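Visitor: requesting a structural model of the entry that follows:
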Amino acid sequence: MISPSEIEILAKTIYGEARGEYPRKQGGLPSLIAVGNVVMNRVNTEGRFGNDIRSVCLKPFQFSCWNEGDCNRLLLDHDKLKNDGIYRVCIQVAKHLSSGGWPDLTNGSNHYHAYHIRPKWAHTHDLRAKIGRHWFYKLGAA
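Guide: Presented below is the predicted three-dimensional model:
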């Protein structure tokens with residue numbers, strides 16, 4: 001069973017990485033689910049990225065919203081977050097994803113980037129999905 005604190009970490013990661021996609025016509029709920037899919041795909045990859053939601057999300061330099069100095073990090077630590085409507089949606093997304101209640105919209109992806117950023121690794125891997133303004137890939141063994 002996934003602990004409430006892990007649900008909170010997953011919800012905050014989804015919020016920090018994709019909240020701007022939620023109100024967009026091409027983003028919406030699928031954008032939130034897709035970021036959560038990447039986290040859960042990493043959790044299910046036998047320790048490569050971490051052993052649980054907390055270790056996957058908080059691993060240094062994996063999800064920028066948790067990086068020291070990132071403007072999103074300040075939002076994640078703020079008390080007013082619990083009153084944010086999009087954050088409440090992220091909590092529900094996290095609960096459904098952690099219980100296996102929603103499908104993987106990313107086709108097994110364990111990495112993504114915003115469409116306007118081109119990391120070096122993206123050039124050598126197949127694009128698996130485009131959801132909102134994020135592009136999704138699976139790195140490592142196929």
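
Visitor: what about the helices in the chain?
Guide: 4-18, 28-43, 53-58, 71-76, 85-98 (DSSP state H).

Visitor: want to throw these into a markdown table with distance to Lys130?
Guide: Just so you know, the C-beta spots here come from the backbone N, C-alpha and C atoms, and that holds for glycine as well. A markdown table is the format used below for these (distance: least, C-beta to C-beta, whole Å):
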| stretch | distance to Lys130 |
| --- | --- |
| helix 4-18 | 14 |
| helix 28-43 | 10 |
| helix 53-58 | 23 |
| helix 71-76 | 22 |
| helix 85-98 | 19 |
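
Visitor: nearest to Asp104, out of these?
Guide: helix 28-43 (4.8 Å; C-beta to C-beta).

Visitor: sorry, back to before: which stretch among the helices of the chain comes nearest Leu127?
Guide: Per C-beta to C-beta, nearest to Leu127 of the helices of the chain: helix 28-43, 13.1 Å.

Visitor: OK, contacts around the closest residue to Phe136 other than its chain neighbours?
Guide: Excluding its sequence neighbours, the residue lying closest to Phe136 (C-beta to C-beta, 6 or more residues apart in numbering) is Ser109, at 3.7 Å. Contacts for Ser109 (C-beta atoms under 8 Å, 6 or more residues apart in numbering) come out as 34, 37-38, 41, 128-129, 136-138.

Visitor: tell me the confidence at Ser109?
Guide: We have a pLDDT of 97 for Ser109.

Visitor: and it, how far from Lys25?
Guide: Distance, Ser109 to Lys25, using C-beta to C-beta, to the nearest Å: 22 Å.

Visitor: Lys95 too?
Guide: For Lys95, the distance to Lys25 - C-beta to C-beta - is 25 Å.

Visitor: try Trp121
Guide: For Trp121 relative to Lys25 (C-beta to C-beta), the value is 29 Å.

Visitor: between these two, which is the more surrounded one?
Guide: Neighbour comparison, Trp121 and Lys25: the larger count goes to Trp121, with 11 against 6 (by other C-beta atoms under 10 Å).
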